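> Everything below, folded, please.
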Amino acid sequence: MLSHKGTVCIKTRHLLLRPFTLQDAPDMYQNWASDPEVTRYLTWLPHRNLCETENILSAWCVLYDDPHIYNWAIEFSETGEVIGNVSVVNRSERHENCELGYCLSRRFWGQALMPEAVSAVLQFLFHDVGFHRVSAWHLADNLASGRVMQKCGMLHEGTTREAWLTRDGTFADLCVYGITRDQVELRKQGEQNP
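Residues are numbered from 1 along each chain as shown. Here you go, the predicted model:
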C-alpha cells in the first residue's frame, strides 16, 4: 500500500529538489520552458512568454496541497537557480507503479545533474512512498534521455514502434525503461559492497 507524502524537499550533493513557487517563473522560462532545443522531445511546445510560464506555475502550485502530487523544481545549490524539473506524470494506485518525466536547462546538460536528481526521486518514491515499479520513456532519437535512465539503473524493456505522433506529423518509436524496488535494493547493495 502506498503512503503518499507529496512533493517534499530532497537534498542531493549538488541540488535541492523542492516544490515550485511562483517566484520560479523567470528561471523556468529562461532556463528551459522557452528553449525549443529543450522542449524538442517533450509533450508541450516552448512557452511564448513569461506570462505563459507564470500561468502554468500558478496551476501547479495549487496542486501541492494534494499528497499524491510529485512535481519537483530542480534548484542548483551553488547558485539557487532553478534549472529543471522532475515529476510523476502517471501513476497507478492499484498496481503501485508510476511514470517519471523530467527536463533540464541546456546549460547544465552533460554534467550528471539529471541522473543525480532522478536517482534521488527514485529512492524517495520506492522507500518513502512505497512504489513497487517506476518507468519512463523517451523518443528513440533522444539518446541523452535514455542515458539518464540507464545511469539511474533503469533497464531498457523494449521499444514500441511508431507509438508517438511528433509535432511534424511523423510517427516515432518510444524506448521504454523501468526499475523495481528490488532492483534498487540490489544496486544499492552492490555499491556498498564492490
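> which residues are in contact with stretch 177-191?
Contacts of stretch 177-191 from elsewhere in the structure, counted by Cβ atoms under 8 Å, 6 or more residues apart in numbering, are 122-123, 126, 131-138, 146, 149-150, 152-157. Bear in mind the C-beta positions are built from the backbone N, C-alpha and C, glycine included.
> whoops, I mixed them up, stretch 159-175
Residues outside stretch 159-175 that contact it (Cβ under 8 Å, 6+ apart) are 45, 137, 138, 139, 140, 141, 146, 156, 158, 176.
> how about the helix or strand harbouring the second one as PDB, C-alpha atoms only?
Element membership of residue 137, judged by DSSP states H and E, is strand 133-139. Coordinates of the C-alpha atoms in strand 133-139 are reproduced here as PDB (Å, rounded to 0.1, in the frame of the first residue of the first chain):
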ATOM      1  CA  ARG A 133       7.900   0.000 -10.000                       C
ATOM      2  CA  VAL A 134       8.800   3.200 -11.700                       C
ATOM      3  CA  SER A 135       9.000   3.600 -15.500                       C
ATOM      4  CA  ALA A 136      10.000   6.300 -18.000                       C
ATOM      5  CA  TRP A 137      10.200   6.500 -21.800                       C
ATOM      6  CA  HIS A 138      11.900   8.600 -24.400                       C
ATOM      7  CA  LEU A 139      11.600   9.200 -28.100                       C
END
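> which regions of this structure lie under the pLDDT threshold?
Low-confidence segments of the chain, defined by pLDDT under 70: 194.
> now the helices for it?
Per DSSP state H, the chain carries helices over the ranges 25-28, 36-39, 50-63, 113-124, 143-151, 181-192.
> Let me have these in a markdown table, extended by distance to residue 79 and mean neighbour count.
Listed next are the helices of the chain as a markdown table, based on distance: least, Cβ to Cβ, whole Å; neighbours: other Cβ atoms under 10 Å:
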| stretch | distance to residue 79 | mean neighbour count |
| --- | --- | --- |
| helix 25-28 | 10 | 20 |
| helix 36-39 | 18 | 13 |
| helix 50-63 | 19 | 15 |
| helix 113-124 | 12 | 21 |
| helix 143-151 | 22 | 17 |
| helix 181-192 | 29 | 13 |
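> Turn these into a markdown table, including distance to residue 83.
Output for the helices of the chain, formatted as a markdown table (distance: least, Cβ to Cβ, whole Å):
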| stretch | distance to residue 83 |
| --- | --- |
| helix 25-28 | 7 |
| helix 36-39 | 11 |
| helix 50-63 | 14 |
| helix 113-124 | 7 |
| helix 143-151 | 14 |
| helix 181-192 | 25 |
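> Show me the one of these that comes nearest residue 92.
Proximity to residue 92, assessed across those by Cβ to Cβ, is greatest for helix 181-192 (14.8 Å).
> As PDB, could you dump the C-alpha coordinates of the closest one?
Provided in PDB are the C-alpha atoms of helix 181-192 (Å, rounded to 0.1, in the frame of the first residue of the first chain):
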ATOM      1  CA  ARG A 181      12.200  -1.600  -5.700                       C
ATOM      2  CA  ASP A 182      14.100  -4.900  -5.600                       C
ATOM      3  CA  GLN A 183      16.400  -3.700  -8.400                       C
ATOM      4  CA  VAL A 184      17.200  -0.500  -6.500                       C
ATOM      5  CA  GLU A 185      18.000  -2.500  -3.400                       C
ATOM      6  CA  LEU A 186      20.300  -4.800  -5.300                       C
ATOM      7  CA  ARG A 187      22.000  -1.900  -6.900                       C
ATOM      8  CA  LYS A 188      22.500  -0.200  -3.600                       C
ATOM      9  CA  GLN A 189      24.000  -3.300  -2.000                       C
ATOM     10  CA  GLY A 190      26.400  -3.600  -5.000                       C
ATOM     11  CA  GLU A 191      27.500   0.000  -4.500                       C
ATOM     12  CA  GLN A 192      28.100  -0.700  -0.700                       C
END
